[in-house]
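Trainee: structure for this input, please:
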Amino acid sequence: MDKNESKLYEDLSFAKVDHLREARSGFPEVVFCERKTEAQVAQIMQSIFNRSGLCLGTRASDAQFQAVKAILPGAEYHENARIITVGQPKEQIGNVAVCTAGTTDIPVAEEAALTAWMCGAEVHRYYDVGVAGLHRLLDQVEEIRKANAIVAVAGMEGALASVIGGLVSAPVVACPTSVGYGANFGGLSALLAMLNSCAAGTAVVNIDNGFGAGFMAAKINRQTVKGAAQ
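Mentor: Purely as a prediction, here's the structure:
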């Protein structure tokens, strides 16, 4: 790394804010708020927003949001997803589909959807289309097929990702959730089922990692749009 580049972070003593992240990955550094103090979250998000005009905080509490809003009045709290957003993306391009097996999976799906939206993707939601009532999915599949990337969020046995993967040509980002009864093992059963999917073109993120799924889908979407424009 160039010596000048090594200075392009801000040292807050408790955190070193990476202002090169946007240039490298296409989106500013994202703040994982869990286990940080309200003051730490507020200072980090202020630093990022002042530099980029856009900031995303995940796994945030209402108390952390109130601290952010006190210094960044434009901040918004998305309670279901536990996400703080400051600023809005300049554009929404392409098409990312976010699907859930059930209603209980929606908080993780909303984390994915809001992340993809903040990364500049046009997002379409298809909730409660699990395989226990396959007709619900089949009723939406033609619209889902229009997406450049698809996030499939499911707990229990995690079958939704494999079923969607067998019906579409776009990449599927499978996101297991910790939804389920005892033998679900906090989402491990869904994770293992998704990792063992026979549907080619399906990749898997960690349990309840809606952020990771949304970010990956947004990057696939952006590359697809860029490729089509060339």
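Trainee: list the residues that contact residue 186.
Mentor: 178, 207 (CB atoms under 8 Å, 6 or more residues apart in numbering). All C-beta atoms are positioned from the backbone trio N, CA, C, and that covers glycine.
Trainee: which of the residues in the lengthiest helix in the chain are buried?
Mentor: Longest helix in the chain by number of residues, with DSSP state H as the criterion: helix 210-229. Neighbour counts over helix 210-229 (16 or more other CB atoms under 10 Å) mark 210-222, 224-225 as buried.
Trainee: which strands or helices does the strand or helix carrying residue 97 pack on?
Mentor: Taking DSSP states H and E as the definition, one finds residue 97 inside strand 93-100. For strand 93-100, the elements it packs on are helix 106-118, strand 121-126, helix 141-144, strand 149-154, helix 160-165, helix 210-229, judged by 3 or more CB pairs under 8 Å, 6 or more residues apart in numbering; DSSP states H and E.
Trainee: so which elements touch the longest helix of the chain?
Mentor: strand 93-100, helix 106-118, strand 121-126, strand 149-154, strand 172-176.
Trainee: take these and write them to JSON lines, including mean pLDDT and distance to residue 72.
Mentor: Shown next, in JSON lines, are the helices and strands packed on helix 210-229 (pLDDT from 0 to 100; distance: least, CB to CB, whole Å):
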{"stretch": "strand 93-100", "mean pLDDT": "97", "distance to residue 72": "26"}
{"stretch": "helix 106-118", "mean pLDDT": "97", "distance to residue 72": "15"}
{"stretch": "strand 121-126", "mean pLDDT": "97", "distance to residue 72": "23"}
{"stretch": "strand 149-154", "mean pLDDT": "98", "distance to residue 72": "28"}
{"stretch": "strand 172-176", "mean pLDDT": "98", "distance to residue 72": "29"}
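Trainee: neighbours of residue 102, how many?
Mentor: For residue 102, the count of nearby residues is 18 (other CB atoms under 10 Å).
Trainee: nearest to residue 24, out of the helices and strands packed on strand 93-100?
Mentor: In terms of CB to CB, the element of the helices and strands packed on strand 93-100 nearest to residue 24 is helix 210-229, at 12.2 Å.
Trainee: ok so, going back, farthest pair within the buried residues of helix 210-229?
Mentor: Farthest pair in the buried residues of helix 210-229, by CB to CB: 210 and 225, 22.1 Å.
Trainee: that older thread, make JSON lines out of the helices and strands packed on strand 93-100 and add distance to residue 95.
Mentor: Below are these laid out as JSON lines (distance: least, CB to CB, whole Å):
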{"stretch": "helix 106-118", "distance to residue 95": "10"}
{"stretch": "strand 121-126", "distance to residue 95": "6"}
{"stretch": "helix 141-144", "distance to residue 95": "9"}
{"stretch": "strand 149-154", "distance to residue 95": "8"}
{"stretch": "helix 160-165", "distance to residue 95": "15"}
{"stretch": "helix 210-229", "distance to residue 95": "7"}
